[in-house]
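Here is a sequence together with a model predicted from it:
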Amino acid sequence: MSLLITRGLVVDPARNLEQELDLLLENGKIAALEPSGAIPRKGRRVVKADGLVVAPGLIDMHVHLREPGEEYKETIETGARAAVRGGFTGVACMPNTRPVNDSSSVTRFILDQAKEAGLARVYPVAAISVGSHGENLSEYGDLKAAGAVALSDDGRPVMNPLLMRRALEYAKTFDLPLLLHCEDLNLRADGVMHEGRVSLELGLKGIPAAAEEVMVFRDLELARLTRGRVHIMHVSTRGSVALIRRAKAQGLKVTAETAPHYFTLTEEAVRGYNTNAKVNPPLRTAADLVAIKEGLRDGTLDAIASDHAPHGPLEKDVEFSEAAFGLIGLETSLGLNLKLVHEGVISLMQAVALLSTHPARILGVPGGTLAVGAPADVTLIDLNREWTVDVNTFASKSRNCPFDGWTLKGRAVMTIVGGKIVSSEQ
Amino acid sequence: MEFRRKDLLGIAELEPGEILHILDTAASLKEISTRAIKKVPTLRGKTVVTMFYEPSTRTRMSFEIAAKRLSADTLNLTVAASSAVKGETLEDTAHNLEAMEPDILIIRHPASGAPHFLAKRLRCGVINAGDGIHEHPTQALLDLLTIREAKGRLSGLKVAIVGDILHSRVARSNIHALTKLGSRVTVAGPATLIPPYLETLGVEVTYSLEEAVRGADVIMMLRIQLERMGQMFFSTLREYSTYFGLGLRHLKLAKEDVIVMHPGPMNRGVEISPEVADGVHSVILQQVANGVAVRMALLYLMVGGEKE
């Protein structure tokens, strides 16, 4: 099987490359990258990429696929289909399934289901503590051997700092990164949206920015203490960006991600008690949004991940305070990220780094580059294609998307995993 | 000015003219309640449904009396008797209610925004009778009617609102109403019970009861819920009462003709001393009487009258 992608604008942040080239995929690997016309076309399937961006396969390092346990919201297959539709060749799935992914058997089950689906690569993230109860460490060695790429407590943060210290140290033994959901649960209490002017007006209980920031500070200090691999997930506040920027300036080896909704929406989106805008961490203020963009521009934030969190009408067509936190993002993420490129906030090269090169590096998984020998995971992007978000056309099983009806500019037109075209609009 | 809304969800979205129109209508309907036969046929054949997901005596009774004086048929759903305990969702409840073709639905619910949720899904009008810690618009309207009767105006007054502002839908609705109509509102309470950003609503914030009531035309006391102690909002009732309980000595700091209000039910001896509650400045029972008038006015405007 041989695939030749011709005359596309190849963008590879790993080698600081942005040039019109032909790309040859063979036997599941990148086989050659040459000036247009240099690679013979004969006997090869040719994909014309004139006017398109050819990027290393995008990796969404933070999604919820809901299987096992909540298959009515999403399955590994539907989630993987939503991923490739959105241009993602790989996704890292969080362990808050039922049962929690805290054992090698659940990890292997996820990988088996992903293999059967044969769409995106699925990288299981395992739980930091048994059952995510915050009491005992799970079996990091076994989990890694089974295929887990990282550890996380997403949605159920470890409140005990001693356990977090031990987790960071124990994970070093197996060279696994910890992906941290930074939130002080006591301070959040029964808050349901950002604590600010809008929560006051709507009479909804608030989650102060400090609930995130005190935990970002704690975990950065624990990273300093343990020299463990800390990655801060879904950064949403100006204060968190400042803390991470300072830690990096001090030489701490930490990384961080944000999600498209934190640089696109503010607390205002909740008005009308819109449960699709109920997400944790909550949508913040305009000043936070500006700080997130600046963090992306100056490299304080390393990655953008969607925090794709499918929920059904049972969780969302209810009173706001009763509704589940979370929104889906796999099929809108790229379009919202390209909005930043069109607005001049970040360059195209930066966008690809945030969505591919850096996530691959942080997770320690193959890909994130188009260097010869790398996996043949490629995303073809039409930067200028305008399209309207319509949740009814989504591959995801769920519809909880606050961007329904938005017009976005730019989308993936072909997604290739291991040299195989898994999604195509051509 | 007319009132042509399908729903009354909050004071925040009302124009000052709409508020005054409701008050004028209420004032003109008040006389009905003084007749020997307290009933007019205005809403004959109309169905008013009240749905209360929280305990309430006076608000529900007040709506029911208002509806009956206008000859509407009333139907009361309370949580204990409804399907809510069987786990029916608000969405399903809404559709079931719709099938019974009510003309208006009055809802009280512990979740802020629950009336908005129903209003979006129902063809009939919805009146918010208190949602979570968001709004209680009919309480604010009856408070305004009471203030206007006592003071002859609603602008240029100094109004103190005292107590648990954070959890009070009465405070939110009154703040919106009074500031819209040109009065000056000062709120007072322990800092734990004053929500952040409150000053963005155009009110003054103080932690001193004395300062709040100084020169006040109106003092509005809020009920302090005893369970707030266990939630770390204040230390003891004794201390709360010492610093935020309204006594006769405070009234000397206010205007001579100050009126004292309370939405009820009162904790006598906690946020308000019995001497003040029963004293000459108290208009607490007028508030209750005006509650019926304001609710009659709303039912008349929304179900009967102008739209038909």
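In hand now; what should we look at? Residues are numbered from 1 along each chain as shown, chains lettered A, B, ... in the order given.

Next, the contact list for the closest residue to chain B within the stretch 201-350 of chain A, please.
Across the stretch 201-350 of chain A, no residue is closer to chain B than A:G203, which sits at 2.7 Å (CB to the nearest CB). (Each C-beta comes from the backbone N, C-alpha and C, glycine too.) Applying CB atoms under 8 Å, 6 or more residues apart in numbering or on different chains to A:G203 gives the contacts B:S112, B:G113, B:D131, B:G132, B:I133, B:H134, B:E135, B:R169, B:R172.

quick one: the third one from A:K172, how far?
Looking back up the chat, that one is B:D131. B:D131 sits 50 Å away from A:K172, going by CB to CB, to the nearest Å.

okay, now A:N136: neighbour count?
Using other CB atoms under 10 Å in any protein chain shown, A:N136 has 11 neighbouring residues.

For it, report the pLDDT, please.
A:N136 is assigned a predicted lDDT (pLDDT) of 97.

Please tell me how far it sits from A:T173.
Taken as CB to CB, the span from A:N136 to A:T173 is 16 Å.

Ok, B:A216 next?
67 Å.

Tell me which of these two has more neighbours.
Set B:A216 next to A:T173 and count neighbours by other CB under 10 Å: B:A216 wins out with 24 against 10.

helix/strand/coil for the more buried one?
What DSSP: H, G, I helix; E, B strand; the rest coil gives for B:A216 is coil.

hang on, it packs against B:E256?
No. Applying CB atoms under 8 Å, one finds B:A216 not in contact with B:E256, separated by 11.1 Å.

More neighbours: B:D131 and A:K172, which one.
For B:D131 versus A:K172, neighbours defined as other CB under 10 Å are more numerous around B:D131 (29 against 15).

partners of the more buried one in the sheet?
Beta bridges link B:D131 to B:H109, B:E135 when assigned by DSSP bridges.

quick revisit: so what's the residue of the stretch 201-350 of chain A closest to chain B closest to, chain neighbours aside?
B:H134 (2.7 Å; CB to CB, 6 or more residues apart in numbering or on different chains).

worst-scoring helix or strand of chain B, pLDDT-wise?
Taking mean pLDDT, DSSP states H and E as the measure, chain B has helix B:90-99 as its least confident helix or strand, at a mean of 87.

Now do it: distance to the chain's middle.
26 Å (CA atoms, centre = their mean, to the nearest Å).

what sits up against it?
When contacts are defined by CB under 8 Å, 6+ apart, helix B:90-99 is touched by residues A:313, A:317-319, B:49, B:51, B:82-84, B:88, B:105, B:109, B:114, B:117-118, B:121-124.

Going through those residues, which ones are buried?
A:317-319, B:49, B:51, B:84, B:105, B:109, B:114, B:117-118, B:122, B:124 (16 or more other CB atoms under 10 Å in any protein chain shown).

Take those residues and keep only those in helices.
B:A114, B:F117, B:L118 (DSSP state H).

Now do the buried residues in the top helix by length along chain A.
When chain A is parsed with DSSP H, its longest helix is helix A:209-226. Residues of helix A:209-226 classed as buried: A:209, A:211-220, A:222-224, A:226 (neighbour count, 16+ other CB under 10 Å).

Out of the residues you listed, which are close to chain B?
When contact is defined as CB under 8 Å from any CB of the partner chain, these do not meet chain B at all.

Can you show me the strands along the stretch 101-250 of chain B?
Secondary structure of the stretch 101-250 of chain B (DSSP state E, counting those that start in this stretch): strands at B:104-109, B:125-131, B:158-162, B:184-188, B:204-206, B:218-221.

Within range of chain A, give me the residues from the stretch 201-308 of chain B.
Counting by CB under 8 Å from any CB, the stretch 201-308 of chain B sits next to chain A at B:L201.

Find the closest residue to chain A in the stretch 201-308 of chain B.
Taking CB to the nearest CB, the stretch 201-308 of chain B has B:L201 as its residue nearest chain A, at 7.2 Å.

didn't A:L348 look like it was pressed against A:V341?
Yes. Taking contacts as CB under 8 Å, A:L348 lies within contact range of A:V341: 5.4 Å.

which residues do the two both contact?
The contact sets of A:L348 and A:V341 overlap at A:L383 (CB under 8 Å, 6+ apart).

what are the bridge partners for A:I59, then?
Going by DSSP bridges, A:I59 forms beta bridges with A:G90.

List the residues that contact it.
A:88-92, A:355-356, A:359-360, A:363, A:365, A:367-368.

ok, longest helix in chain B?
From DSSP H, the single longest helix across chain B is helix B:284-303.

Now do it: distance to the chain's middle.
Distance, stretch centre to chain centre, for helix B:284-303: 11 Å (CA atoms, centre = their mean).

Show me what that helix is packed up against.
In terms of contacts (3 or more CB pairs under 8 Å, 6 or more residues apart in numbering or on different chains; DSSP states H and E), helix B:284-303 is packed against helix B:16-29, helix B:58-69, strand B:104-109, strand B:125-131, helix B:137-151, strand B:259-261.

Can you pull the domain assignment for the chain?
All of this is about chain A. A:2-53+A:375-390+A:406-424, A:57-363 (automatic domain parsing).

Can you look at chain B instead?
According to automatic domain parsing, the domains of chain B span B:16-135+B:288-307, B:137-284.

Many thanks, I have nothing further to ask.
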